[in-house]
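Peer 1: Okay, predicted coordinates and the sequence, questions at the end:
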Amino acid sequence: MKLSSKMARCGLSPMRKFNGEAAKTVERGIKIYHLNIGQPDIRTPQAFYDALKSFNQPVLAYAPSSGMPELLDAVRGYYKRIGVELSRTQILPTSGGSEALQMTMATILDDGDELLVEHTRAILISNPGNPTGSVLTPEELKLMLDIAKEHDLILVCDEVYREFVYGGEPLMSALQFAGYEENVVVIDSVSKRFSACGARVGMVISKNKAFMSEVMKWCQCRLCSATVDQVAAAALYALDPSYFDEVRAEYKNRRDTLMRKLRELPGVVCEEPKGAFYVMAALPVDDADTFQHWLLSDFDDHGETVMFACGEPFYATPGKGKNEVRMAYTINCQDLERAGGRRRRGAICAAVGKRKEKRKPAAFSGHRKPELGNTKTGAVFRPCFFASI
């Protein structure tokens with residue numbers, strides 16, 4: 001039976017491709033520290049569960065394809081607090097940020113169109129950035145907006161990590177800039193912001209009427225995102241902004257813990273992330289994929305091991321990222337200490353030593369600047385992995 005060539009060209013998620021092996025590792029009694037996926041362990045606000053408990057409609061009906069009014073108004077209130085006025089028609093709820101990106105790409109792109117290269121129809125950015133943790137300055141974001149407007153492009157901004165910036169920066173959105181209404185599409189989600197990944201509520205936001213009209217066709221085709229999840233998500237957007245102060249401080253502590261442990265590891269190259277909750281690091285191994293397989297199949301440090309997301313699938317540039325990994329600091333500081341501690345050094349040393357006879361491992365100087373997404377090398381990240389799930 002012939003199946004779709006489009007799916008045949010797709011790879012497995014770098015965050016989840018080792019899940020089958022991980023399950024076998026757990027069956028052997030090994031504890032895994034999951035740095036591979038951005039699943040926060042921050043408690044989901046009680047307001048979400050209270051809203052679920054109070055939902056008592058006699059029939060759990062389809063929500064409107066345009067979204068539940070209470071969610072739309074809650075989102076409008078959230079954006080108003082950061083200086084952005086929105087109408088209900090400028091917001092379309094989706095089943096997570098991934099569907100929001102899928103809808104956006106389907107609406108903007110035709111076969112043969114690309115992002116940031118020839119036949120460019122759109123620019124896709126993640127701010128704060130996944131996987132590098134980079135944060136654009138207002139001047140840098142405005143430059144992107146100017147380029148989009150000058151060339152009649154859509155600037156698609158994945159902004160789901162907006163609150164997680166660690167240098168005191170004010171909350172920023174491409175929607176805050178006047179004069180670019182026709183060129184901006186924002187992808188948003190409750191998953192990371194409110195530690196509610198399982199709620200599967202995202203949204204497409206734009207003031208471009210023609211674009212939103214086309215996206216609505218997709219929304220109606222798939223009927224709606226989950227009614228109950230939308231109702232509960234509305235309660236999250238009503239939280240006082242002070243909620244984020246504690247969460248932001250916790251993630252900053254986790255970032256600092258992971259960076260300290262990484263700097264203790266010989267041969268590891270990485271830059272300190274300024275936002276989101278990921279670190280992209282080059283390891284002193286020649287194949288991160290092989291290394292991860294070894295950590296799950298053979299490594300056992302007092303009944304513990306580590307998972308990360310291999311770096312190569314995050315790049316569109318062939319050959320880039322083969323020895324790199326993305327690590328999520330979404331687990332608590334104590335577990336990060338364990339995952340990145342001295343015992344983890346033994347894992348790298350053992351993995352490198354195990355393969356010395358087969359091929360010489362890549363060597364890295366502690367003074368070498370990392371090439372993670374470095375434009376001087378021509379390396380670019382694969383836009384499909386900017387999606388914030």
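Peer 2: Cool, got the structure.
Peer 1: Need the residues that contact the longest helix belonging to the chain.
Peer 2: Longest helix in the chain, counting residues (DSSP state H): helix 243-263. Under the contact criterion Cβ atoms under 8 Å, 6 or more residues apart in numbering, helix 243-263 has outside partners 42, 45, 133, 163-166, 195, 268, 270, 272-273, 277, 279, 281, 327, 329-333, 336-337, 339-341, 344. Every residue, glycine included, has its C-beta placed from N, CA and C.
Peer 1: so how far is that helix from its chain's centroid?
Peer 2: 17 Å (Cα atoms, centre = their mean, to the nearest Å).
Peer 1: Name the next helix or strand downstream of it, please.
Peer 2: Per DSSP states H and E, helix 243-263 leads on to strand 269-270 as the next helix or strand towards the C-terminus.
Peer 1: Could you look up the next helix or strand downstream of that next one?
Peer 2: Using DSSP H and E, the first helix or strand after strand 269-270 is strand 278-282.
Peer 1: Output the contacting helices and strands for that next one.
Peer 2: Strand 278-282 is packed against helix 243-263, strand 269-270, strand 324-328, with contacts defined by 3 or more Cβ pairs under 8 Å, 6 or more residues apart in numbering; DSSP states H and E.
Peer 1: Could you export the longest helix of the chain as CSV, CA atoms only?
Peer 2: What follows is helix 243-263, C-alpha atoms only, in CSV (Å, rounded to 0.1, in the frame of the first residue of the first chain):
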residue,chain,number,x,y,z
TYR,A,243,1.7,35.1,39.2
PHE,A,244,4.6,35.3,36.7
ASP,A,245,7.0,36.9,39.1
GLU,A,246,7.5,33.7,41.1
VAL,A,247,7.4,31.5,38.1
ARG,A,248,10.0,33.6,36.3
ALA,A,249,12.3,33.6,39.3
GLU,A,250,12.0,29.8,39.5
TYR,A,251,13.0,29.3,35.9
LYS,A,252,15.9,31.8,36.3
ASN,A,253,17.2,29.7,39.2
ARG,A,254,16.9,26.5,37.1
ARG,A,255,18.7,28.1,34.2
ASP,A,256,21.5,29.2,36.5
THR,A,257,21.7,25.8,38.0
LEU,A,258,21.9,24.0,34.6
MET,A,259,24.4,26.5,33.2
ARG,A,260,26.7,26.1,36.3
LYS,A,261,26.6,22.3,35.9
LEU,A,262,27.3,22.5,32.2
ARG,A,263,30.3,24.8,32.7
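Peer 1: tell me which residues in that helix are buried?
Peer 2: By neighbour count on 16 or more other Cβ atoms under 10 Å, the buried set for helix 243-263 is 244, 247, 250, 251, 252, 254, 255, 257, 258, 259, 261, 262.
Peer 1: Filter the contacts of helix 243-263 down to the buried ones.
Peer 2: The neighbour count (16+ other Cβ under 10 Å) marks 42, 45, 133, 163-166, 195, 268, 270, 273, 277, 279, 281, 327, 329-331, 336, 339-340, 344 as buried among these.
Peer 1: quick one on the thing from earlier: show me the one of the helices and strands packed on strand 278-282 that comes nearest residue 180.
Peer 2: Smallest distance to residue 180 across the helices and strands packed on strand 278-282 (Cβ to Cβ): 26.0 Å, for helix 243-263.
Peer 1: so the closest one versus strand 324-328, what angle?
Peer 2: If you take axes from the mean of the first three to the mean of the last three Cα atoms, to 10 degrees, helix 243-263 sits at 140 degrees to strand 324-328.
Peer 1: Now helix 243-263: average pLDDT?
Peer 2: For helix 243-263, the mean per-residue pLDDT is 95.
Peer 1: mind listing the strands for the stretch 101-250 of the chain?
Peer 2: Using DSSP state E, counting those that start in this stretch, the strands found in the stretch 101-250 of the chain span residues 114-115, 120-126, 154-158, 184-189, 202-205.
Peer 1: The first one: partners in the sheet, and parallel or antiparallel?
Peer 2: Each strand paired with strand 114-115, and its direction, by DSSP bridges: strand 120-126 (parallel).
Peer 1: Give me the below-cutoff pLDDT ranges for the stretch 251-389 of the chain.
Peer 2: 341-389 (pLDDT under 70).
Peer 1: mind listing the helices for it?
Peer 2: 288-297, 333-339, 342-354 (DSSP state H, counting those that start in this stretch).
Peer 1: hmm, who's touching the first one?
Peer 2: With contacts defined as Cβ under 8 Å, 6+ apart, helix 288-297 is touched by 18, 21-22, 24-25, 32, 283, 285, 305-308, 310-312, 321-325, 347-348, 351, 354-355.
Peer 1: now the angle from it to strand 278-282?
Peer 2: Orientation check (the same axes, to 10 degrees): helix 288-297 against strand 278-282 gives 110 degrees.
Peer 1: C-alpha coordinates for helix 288-297, PDB please?
Peer 2: Listed next in PDB are the C-alpha coordinates belonging to helix 288-297 (Å, rounded to 0.1, in the frame of the first residue of the first chain):
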ATOM      1  CA  ALA A 288      24.400  13.100  19.900                       C
ATOM      2  CA  ASP A 289      21.900  10.700  18.600                       C
ATOM      3  CA  THR A 290      24.200   7.700  19.200                       C
ATOM      4  CA  PHE A 291      25.100   9.100  22.600                       C
ATOM      5  CA  GLN A 292      21.400   9.400  23.600                       C
ATOM      6  CA  HIS A 293      20.800   5.800  22.500                       C
ATOM      7  CA  TRP A 294      23.800   4.700  24.700                       C
ATOM      8  CA  LEU A 295      22.500   6.600  27.700                       C
ATOM      9  CA  LEU A 296      19.200   4.800  27.500                       C
ATOM     10  CA  SER A 297      20.500   1.300  26.500                       C
END
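Peer 1: Distance from that helix to the middle of the chain?
Peer 2: In terms of Cα atoms, centre = their mean, the centre of helix 288-297 is set 23 Å apart from its chain centre.
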